[in-house]
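Trainee: Pasting a predicted model and its sequence here:
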Amino acid sequence: MKYRSTTGTAPEVTLEEAVVKGLAPDRGLYMPLSIPQLPAEFFDRLPGMELADIAAEVARALFGEDVDREALESLTRDAMNFPIPLVRVNDRIWSLELFHGPTLAFKDVGARFMARLLGYFNRNNSDRTVNVLVATSGDTGSAVANGFLGVDGVRVFVLYPKGKVSPIQESQFTTLGRNIVALEVDGNFDDCQALVKSAFLDPELNEAMMLTSANSINVARFLPQMFYYFHAWAQLAASGADMSNVVVCVPSGNFGNITAGLIAQRMGLPIKRFIAANNANDIFYQYLQTGVYSPRASVQTIANAMDVGDPSNFARVLDLYGHDHGRVCDHVSGCTYTDAQISETLRDTLAQTGYQLDPHGAVAYRALQEYLRPGETGIFLETAHPAKFKETVEAITGHDVRIPEKLADFMRGTKQSVPIPADFDSFRQFLLKT
Ligand SMILES: *Cc1c(COP(=O)(O)O)cnc(C)c1O
């Protein structure tokens, strides 16, 4: 399968080139040239299937032309080695718990898959080192660092803002060592992101070293996320639910997660419609209302992994629907909630159902409660474990949030990070001499 840029001027590339480059040279995002259709027979079998088997079949449809069959099967199974259960919250809303991976957030899926795929592409290039640069406000850095830990031929540089990442999150990428370098930037998240962007645009740096990104602009990170949409559908069908009107709600920031769902639907998954749930950063919601896309500076909220003012995967959403606002609206609706509404939902849901949401899942759960029509069944993506936002969640509910053992293990490690100023020249010198 070839990949083309959403901007349309860069040449088509192979999967390997798309993964190693990250962003297309014309600044567009790579998309598969065509989206494969899964046969009706697959959907007949789906209700009884296990996650790893589903992932292996979907991966073959997407990547089968580019990766040796056995290698693809084994790297996919290895990436998907933790459960993603669908848990019933009330009579018609189910939570897809994406937080049972090594860093307790959904980004583990894409990060683990991308790391293994890059490892596969490196197998014949023992002298090649791919340098992954990632700016993080928390979750991305931990998932990417853990996903790539120990992968041959790959080094990861995690840039994070000093003092602005919770101690739990910081411990997940600063205690690893080996091929993971944590850079503590004296600045904010935007400064970290700017340093990474400048590095990708710097000719001398790109001449000296292979640089790639591991955020959801990378096809190897966002495409595997479609595995669990099929798995969610399979679990709901196996429960005996009415499958004719299934609505999926995704708490969205950069829109990589929901875009994977939209592509799964295009491959044949019978989802009736999607809801993109936003916090106060409602750029996509405003686009749906007006047809005008106006990116703006993000504002800080308690669902901070969704504090995005210019969602990078918006280009892919537009591309999927031929830049037709009406068609986008036919497939996706939107909503936006304030911190007060998110807190209220977290508190009330715990009191009424016993289910402990995290702030991101709370945005999506509320959207389903408000927008499910009669006869519809809703699935929302619970994108992180509430313990990752322990202080926030405890302050809202007044109840303790237990820290899972996996998370506690990170916190016992020793922090290793390199302090750098928020200045591109220092960052550039640092990279050149490592
Ligand atoms: C990254 C993240 C999101 C947003 O996902 P996108 O793919 O950027 O839309 C939502 N919730 C959590 C917990 C996240 O870490």
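Mentor: Done, it's in.

Trainee: pLDDT (mean, whole number) over stretch 380-393?
Mentor: Averaged across stretch 380-393, the pLDDT comes to 95.

Trainee: hmm, who's touching that stretch?
Mentor: The contact list for stretch 380-393 (C-beta atoms under 8 Å, 6 or more residues apart in numbering) reads 93-99, 104-106, 138-139, 166, 168-169, 248-251, 257, 277, 302, 305, 346, 356-361, 364-365, 367-368, 401-404, 407. In short, each C-beta sits where N, CA and C put it, glycine included.

Trainee: Against the ligand, which of those make the cut? List them.
Mentor: Checking the contacts of stretch 380-393 against the ligand by C-beta under 6 Å from any ligand atom, the ones in range are A105, D139, P251, N257, A305, H360.

Trainee: Dump the residues you listed to TSV, plus neighbour count and pLDDT.
Mentor: As requested, those are arranged in TSV below (neighbours: other C-beta atoms under 10 Å; pLDDT from 0 to 100):
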residue	neighbour count	pLDDT
A105	25	93
D139	25	81
P251	32	98
N257	26	97
A305	25	89
H360	32	97
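
Trainee: any chance of these in JSON lines, with secondary structure too?
Mentor: Below are those laid out as JSON lines (DSSP: H, G, I helix; E, B strand; the rest coil):
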{"residue": "A105", "secondary structure": "strand"}
{"residue": "D139", "secondary structure": "helix"}
{"residue": "P251", "secondary structure": "strand"}
{"residue": "N257", "secondary structure": "helix"}
{"residue": "A305", "secondary structure": "helix"}
{"residue": "H360", "secondary structure": "helix"}
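
Trainee: any idea which helix or strand comes after the helix or strand where E184 lies?
Mentor: Element membership for E184 (DSSP states H and E) is strand 180-186. Sequence order places helix 189-201 as the next helix or strand after strand 180-186, per DSSP H and E.

Trainee: The helix or strand that that next one is followed by packs against which elements?
Mentor: For helix 189-201, the following helix or strand on the C-terminal side (DSSP H and E) is helix 203-208. For helix 203-208, the contact count by 3 or more C-beta pairs under 8 Å, 6 or more residues apart in numbering; DSSP states H and E identifies helix 424-433 as packing neighbours.

Trainee: ok, S343 - contacts?
Mentor: S343 is in contact with I302, A362, I396, counting by C-beta under 8 Å, 6+ apart.

Trainee: Can I get the residues you listed in JSON lines including neighbour count, secondary structure and distance to M209?
Mentor: Formatted as JSON lines, these follow (neighbours: other C-beta atoms under 10 Å; DSSP: H, G, I helix; E, B strand; the rest coil; distance: C-beta to C-beta, whole Å):
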{"residue": "I302", "neighbour count": "24", "secondary structure": "coil", "distance to M209": "38"}
{"residue": "A362", "neighbour count": "32", "secondary structure": "helix", "distance to M209": "41"}
{"residue": "I396", "neighbour count": "21", "secondary structure": "helix", "distance to M209": "44"}
